[in-house]
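> Generate a structure from the sequence data that follows.
(chains A and B)
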Amino acid sequence: DAGVIQSPRHEVTEMGQEVTLRCKPISGHNSLFWYRQTMMRGLELLIYFNNNVPIDDSGMPEDRFSAKMPNASFSTLKIQPSEPRDSAVYFCASSSRPRLAGVRETQYFGPGTRLLVL
Amino acid sequence: AQKVTQAQTEISVVEKEDVTLDCVYETRDTTYYLFWYKQPPSGELVFLIRRNSFDEQNEISGRYSWNFQKSTSSFNFTITASQVVDSAVYFCALTQDTGRRALTFGSGTRLQVQP
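Below is the predicted model:
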């Protein structure tokens, strides 16, 4: 089975440009998460969706960041305009519907997108 | 608030040595979930194990074993007879039973296994 798919794997852009990161979750998974990994802050959640609906976006740094999930098999994370401090690895993860109420299912991560903003 | 501490920033061992990676966590929840992920040099995050707080049995999977102790809030990971392919950054993570579903990650332990 295919895992979480992310594209592009690497992105180099100039400050001020729009950047769009893409994610395809594991088929059948109904929750999708966007994380960011930096040396200074480690791994932190940006936003997550449940059944395509954004549930918690408290980790989104500022209005320059936006995320969408138009259907169960696709999500985007957009940065507009990008800044050098956005340089990081962005991970998408997905998890299945819990079999029991309140049980936390495992989050499976994609390979990440390494973003460099010059 | 939740917190995961991996005090060992970097560990270097020689192949075939056993190595233990420490993880200490803090949470106010009575039900929670603990995870270990591996991040090899290629950069992806690979799931290794999930443990529920109500299941204190230790687990062994091949050369890997995990020791969960609620009394000390620790979830340590041991690699027996380490191999060069085990070289990676290992992350311990925690999520709570209710509310926010974010994984709270530790800062990671970089393991270098020398041939």
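> Check the separation of the first and last residues in stretch B:82-101.
33 Å (CA to CA, to the nearest Å).
> actually stretch A:50-63, not the one I wrote
21 Å.
> Could you list the residues of chain A in contact with chain B?
For chain A, the residues in contact with chain B (CB under 8 Å from any CB of the partner chain) are A:31, A:33, A:35, A:42-45, A:48, A:55-56, A:58-59, A:89, A:91, A:93, A:102-104, A:106-112, A:114. Bear in mind the C-beta positions are built from the backbone N, C-alpha and C, glycine included.
> So which residues of chain A form strands?
A:5-7, A:10-13, A:19-24, A:31-38, A:42-50, A:53-56, A:65-71, A:74-79, A:88-95, A:108-109, A:113-117 (DSSP state E).
> and the ones you listed as CSV, adding mean neighbour count and mean pLDDT?
Listed next are these as CSV, based on neighbours: other CB atoms under 10 Å in any protein chain shown; pLDDT from 0 to 100:
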stretch, mean neighbour count, mean pLDDT
strand A:5-7, 17, 97
strand A:10-13, 14, 97
strand A:19-24, 19, 98
strand A:31-38, 23, 96
strand A:42-50, 21, 94
strand A:53-56, 14, 91
strand A:65-71, 15, 96
strand A:74-79, 19, 98
strand A:88-95, 24, 96
strand A:108-109, 21, 96
strand A:113-117, 18, 98
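> now chain B, which segments are flagged as low pLDDT?
Where chain B drops to pLDDT under 70, the residues are B:99.
> just the residues of it that are near chain A, which are they?
Checking chain B against chain A by CB under 8 Å from any CB, the hits are B:31, B:33, B:35, B:37, B:42-47, B:50, B:52, B:91, B:93, B:95-98, B:100-103, B:105-108.
> Select only the buried ones of the residues you listed in ChimeraX?
Remark: buried members of the residues of chain B next to chain A, expressed as a ChimeraX selection using 16 or more other CB atoms under 10 Å in any protein chain shown:
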select /B:33,35,37,44,45,50,91,93,95,96,97,101,102,103,105,106,107,108
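> Out of the residues of chain B next to chain A, which sit inside strands?
Among the residues of chain B next to chain A, DSSP E puts B:33, B:35, B:37, B:46-47, B:50, B:52, B:91, B:93, B:95-96, B:105 in strands.
> out of those residues, who's nearest B:V19?
Distance to B:V19 across those (CB to CB) is lowest for B:F91, with 15.6 Å.
> Run through the bridge partners of that closest one.
On the basis of DSSP bridges, B:F91 is bridged to B:Y37.
> give the contact list for the spatially most central residue of chain A.
Centroid-nearest residue in chain A, with CA atoms, centre = their mean: A:W34, separated by 2.5 Å. Contact analysis of A:W34 by CB atoms under 8 Å, 6 or more residues apart in numbering or on different chains lists A:23, A:45-48, A:67, A:75, A:77, A:90-92.
> give the contact list for the nearest residue to A:P8 once chain neighbours are set aside.
Closest residue to A:P8 apart from its sequence neighbours, by CB to CB, 6 or more residues apart in numbering or on different chains: A:T113 at 6.1 Å. When contacts are counted by CB under 8 Å, 6+ apart, A:T113 touches A:6-11, A:21, A:89-91.
> again, 6 Å this time
A:T113 makes contacts with A:6, A:21, A:90, as judged by CB atoms under 6 Å, 6 or more residues apart in numbering or on different chains.
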